[in-house]
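J.: With the sequence up front, the predicted model follows.
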Amino acid sequence: MVEPPGLFRGRGAHPKTGTLKKRVMPEQITLNIGEDAPIPKCPVPGHRWGGIVHKHDVTWLATWKENVMDNTKYVWLAASSGFKGQADMEKYEKARR
């Protein structure tokens, strides 16, 4: 679900090329699930999720902060997923009317 640890490559002559990307631990990950959805079991024994939120105005499923560029990373639904396609169809139908 998240990026594996390794060396950051960057593009071109990036100043942080070769920097170690650390392993993302479950405590760093926030999950975005529905209020009625069961909280997924953490796959790493002895660890817990960093947070659980119920944001209906966003489409990401999980988020964390990476250590090299200090950017926030997201896990999104695939564009071809049925759930995302259904929401898009409803939006287009509403605009068409």
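T.: Thanks, I have the structure now.
J.: Poorly predicted segments of this structure, please.
T.: Within the chain, the stretches falling below the threshold (pLDDT under 70) are 1, 81-88.
J.: Tell me which stretches of it form helices.
T.: With DSSP state H, the ranges of helices along the chain come out as 82-96.
J.: Which stretches in it count as strands?
T.: Shown for the chain, the strands assigned by DSSP state E span residues 6-7, 20-21, 30-32, 51-53, 60-65, 72-76.
J.: Can you tell me the strand partners of the second one and which way each runs?
T.: When sheet partners are counted by DSSP bridges, strand 20-21 sits next to strand 6-7 (antiparallel).
J.: go on, the fifth one?
T.: Counting by DSSP bridges, the strands paired with strand 60-65 are strand 30-32 (antiparallel), strand 72-76 (antiparallel).
J.: so can I have a markdown table of these showing mean neighbour count?
T.: Bear in mind the C-beta positions are built from the backbone N, C-alpha and C, glycine included. Formatted as a markdown table, those follow (neighbours: other Cβ atoms under 10 Å):
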| stretch | mean neighbour count |
| --- | --- |
| strand 30-32 | 18 |
| strand 72-76 | 13 |
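J.: Please name whichever of those strands is nearest to Val58.
T.: Nearest to Val58 among the strands paired with strand 60-65 is strand 30-32 (6.5 Å), distances taken as Cβ to Cβ.
J.: What lies in contact with the closest one?
T.: Outside of strand 30-32, the residues that reach it under the criterion Cβ atoms under 8 Å, 6 or more residues apart in numbering are 39-40, 49-55, 58, 60-64.
J.: returning to what we had before: make TSV out of the strands of the chain and add distance to Tyr92.
T.: Compiled in TSV, the strands of the chain are given as follows (distance: least, Cβ to Cβ, whole Å):
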stretch	distance to Tyr92
strand 6-7	40
strand 20-21	39
strand 30-32	24
strand 51-53	28
strand 60-65	22
strand 72-76	19
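J.: quick revisit: which among the contacts of strand 30-32 end up buried?
T.: Among the contacts of strand 30-32, those that count as buried by neighbour count (16 or more other Cβ atoms under 10 Å) are Trp49, Gly50, Trp60, Ala62, Thr63, Trp64.
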